[in-house]
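Participant: whatever this is, show me its structure:
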Amino acid sequence: MNTVPDIFRILPEVILTVTGVIIMLIDASLRPERPRRSMGWVAAIGTTFALWASLWQFSLPQGTAFFGTVETSVFTIFFHVLICGIVLVALLVALDTLPADSHHQGEFYALVVFGTVGMCLLTSAIELLVVFIALEISSISTYILAGYRKQTGRGPEAAIKYFLLGSFATAFLLYGIALIFGATGTTEIYDIARQITSAPNHALVLAAMAMMLVGILFKVSAAPFHVWTPDVYEGAPSPVVALLSTAPKAAAFALLLRVLYEIFPAFDTLWVPLLWIVAVLSMTVGNLAALRQQNVKRMLAYSSIAHAGYLLAAFASIGSIGIAAASFYTAAYAAMNVGVFAVVTLAGGYNDDLPMIDDYRGLIYRSPLLGSLLIFFLASLVGIPFTGGFFGKFYSFSAAVQGGAIALAIIGLLNSGLASAYYLRLALAAAQRPTNEADRPQGRAPQLGVAVGAGLLLAVSATLVLGIVPGEVLRTAQSGAHTLQSIPPQTTAPVTASASTIHPAKF
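Facilitator: Prediction:
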């Protein structure tokens, strides 16, 4: 019998919801001319408490709550910690980079926090209707944040494109949920898993799987569902892009793992080749398009499409190895990508005053710390050893090889070599001394505040830990993979990530 109060199962979401409400109440009580920066600290503190609550959930026994609609397990806690960590870094970056006179700062921080509620709920929901609601909570917040910079034409354009295409993709997901309900008579994930192989109408099940994959692959910006990514990244403020490029994708990948490995494992002969093709398309299209970009944010947008392909390569392995590799890669990519966008935010400013690669020439001489951090995060994105990007790609391609997709791993390695060209182009520009005064970017060197400095420290630390001592994170990811693959009763063994009870995969 499950003796844990239901509220403990969603404690991080409760803390984040309360934080968002407090921010809105404070914002409404202040006069318009009063600064709103303090609400950013409220959001950061609330997110920190949510991160602590997520870690505390490791002490709870695995189980469900609220009539079997949400679950607490190592898998869900892993992604809760990851999402809260990403959001905390993004908030710290925004605190020191949002202009003091920017409009509706209280709404900005409230939207970030409420969006985080949806992302966290998306990773723990085991009822498809709750999945849809969580996805909408997350999506609506990010649609608005993408258009936050309203004084430029690109901001509203990015928001409209993101909203229209995102709504279209969400409709596919919802239609897939309706079809799976029609085939099995339930929307509860574990009940679907028990009944799906004996469903009388397999054509309906296959159509549902295809529809749900379209909706989820859009959210992770995998080719050919990636067309929104460059325009949204370019038009949204850089602190928002640091969030958009990591946290919603982490939640969407968690959903993709749950859908494929819990609902449709019996149909792996169909979805593994399909994701094989999507992975190759994402890697190749993303890298080839990034090679042609001169705009830094568009280049990183196409880079994120390529990284979605690297991650999807892990899905070629059926079982815990593929799940653990995909989870680890999600964490590694989030750490280095939120870090590189933090540097871009500081170097280019809120209004993207340095949008092009050539504008970064001599950054290391104007700001040695920022220039060094930019090169460090780019090296991790390439996959240089002793960084999180190296082990992320290593585990992902190793999973592909163990799943028999050797050709996919080779294509991934070739694409990684191709990607180094545009990463190194930006790194060399930052390290190159300006030849004359005309080539020197105008303006003073970027200044690091306490908040953004703490955010960069967290991103650097996470990237180094995942690149030097990845064992504990990998063991936790592997333990989460075991819980994801099983269909537990109402209450099972205690959730733990200790080395004594978790057996890591042998890569």
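
Participant: so for whichever strand or helix holds I192, what's the average pLDDT?
Facilitator: Assigned by DSSP states H and E, I192 belongs to helix 189-195. For helix 189-195, mean pLDDT is 91.

Participant: same deal with stretch 80-99?
Facilitator: The model assigns stretch 80-99 a mean pLDDT of 93.

Participant: so which bits of it are buried?
Facilitator: 80-98 (16 or more other CB atoms under 10 Å). No exception for glycine: its C-beta is placed from N, CA and C like everyone else's.

Participant: A289 contacts L300, correct?
Facilitator: No. Counting by CB atoms under 8 Å, A289 stays clear of L300, with 11.7 Å between them.

Participant: of the two, which one has the most company?
Facilitator: Between A289 and L300, counted using other CB atoms under 10 Å, the more crowded position is L300 (28 against 20).

Participant: and the helix or strand hosting that one, C-alpha only, in PDB?
Facilitator: Assessed by DSSP H and E, L300 sits inside helix 296-312. C-alpha atoms of helix 296-312 as PDB (Å, rounded to 0.1, in the frame of the first residue of the first chain):
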ATOM      1  CA  VAL A 296      25.700  32.900 -34.300                       C
ATOM      2  CA  LYS A 297      22.200  32.100 -32.900                       C
ATOM      3  CA  ARG A 298      21.100  30.600 -36.200                       C
ATOM      4  CA  MET A 299      24.300  28.500 -36.300                       C
ATOM      5  CA  LEU A 300      23.600  27.200 -32.800                       C
ATOM      6  CA  ALA A 301      19.900  26.500 -33.800                       C
ATOM      7  CA  TYR A 302      21.000  24.200 -36.600                       C
ATOM      8  CA  SER A 303      23.600  22.800 -34.200                       C
ATOM      9  CA  SER A 304      20.800  21.800 -31.800                       C
ATOM     10  CA  ILE A 305      19.000  20.000 -34.700                       C
ATOM     11  CA  ALA A 306      22.200  18.000 -35.200                       C
ATOM     12  CA  HIS A 307      22.500  17.200 -31.500                       C
ATOM     13  CA  ALA A 308      18.900  15.900 -31.600                       C
ATOM     14  CA  GLY A 309      20.100  13.400 -34.200                       C
ATOM     15  CA  TYR A 310      23.100  12.400 -32.000                       C
ATOM     16  CA  LEU A 311      20.700  11.700 -29.100                       C
ATOM     17  CA  LEU A 312      18.200   9.800 -31.300                       C
END
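
Participant: the next helix or strand after that helix vs helix 296-312, what angle?
Facilitator: Going down the chain from helix 296-312, the next helix or strand is helix 320-348, by DSSP H and E. Helix 320-348 and helix 296-312 are oriented at 170 degrees to each other (axes from the mean of the first three to the mean of the last three CA atoms, to 10 degrees).

Participant: after helix 320-348, which helix or strand is next?
Facilitator: helix 363-366.

Participant: that following helix - contacts with which helices or strands?
Facilitator: Using 3 or more CB pairs under 8 Å, 6 or more residues apart in numbering; DSSP states H and E, the elements in contact with helix 363-366 are helix 368-382, helix 406-431.

Participant: name the helices or strands packed onto the longest one?
Facilitator: Which is helix 406-431. Applying 3+ CB pairs under 8 Å, 6+ apart, we find helix 406-431 packed against helix 268-291, helix 296-312, helix 363-366, helix 368-382, helix 388-402.

Participant: comparing the ones you listed by mean pLDDT, which bottoms out?
Facilitator: The bottom spot among the helices and strands packed on helix 406-431, by mean pLDDT, belongs to helix 363-366, with a mean of 88.

Participant: for that helix, buried residues please.
Facilitator: Neighbour-count burial for helix 363-366 flags 363-364, 366 (criterion: 16+ other CB under 10 Å).

Participant: and what of stretch 212-225?
Facilitator: 212-223, 225.

Participant: do stretch 400-418 as well
Facilitator: For stretch 400-418, by 16+ other CB under 10 Å, it's 400-403, 405, 408-409, 411-412, 415-416, 418.

Participant: contacts for that stretch next, please.
Facilitator: Contacts to stretch 400-418, defined as CB atoms under 8 Å, 6 or more residues apart in numbering, come from residues 272, 276, 279-280, 283-284, 287-288, 291, 306, 309-310, 313-314, 316-318, 321-322, 382-383, 393, 396-398, 507.

Participant: stretch 258-267 too?
Facilitator: Counting by CB under 8 Å, 6+ apart, 75, 126, 180, 189-190, 192-193, 196-197, 205-206, 209, 212-213, 216, 268, 271, 315, 318, 323, 484-485, 487 sit against stretch 258-267.

Participant: selection in PyMOL covering whichever of those are buried, please.
Facilitator: Here is the PyMOL selection string for the buried members of the contacts of stretch 258-267, based on 16+ other CB under 10 Å:
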select buried, resi 75+126+180+189+190+192+193+196+205+206+209+212+213+216+268+271+315+318+323+484+485
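
Participant: quick one, which of the helices and strands packed on helix 363-366 gets closest to H104.
Facilitator: helix 368-382 (28.3 Å; CB to CB).

Participant: save the helices and strands packed on helix 363-366 as TSV, and put in distance to V460 too.
Facilitator: TSV is the format used below for the helices and strands packed on helix 363-366 (distance: least, CB to CB, whole Å):
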stretch	distance to V460
helix 368-382	7
helix 406-431	16
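
Participant: packing partners for the longest helix seen in the chain?
Facilitator: The residue-count maximum for a helix in the chain (DSSP state H) belongs to helix 154-184. On a contact count with 3+ CB pairs under 8 Å, 6+ apart, helix 154-184 meets helix 128-146, helix 189-195, helix 202-219, helix 229-235.
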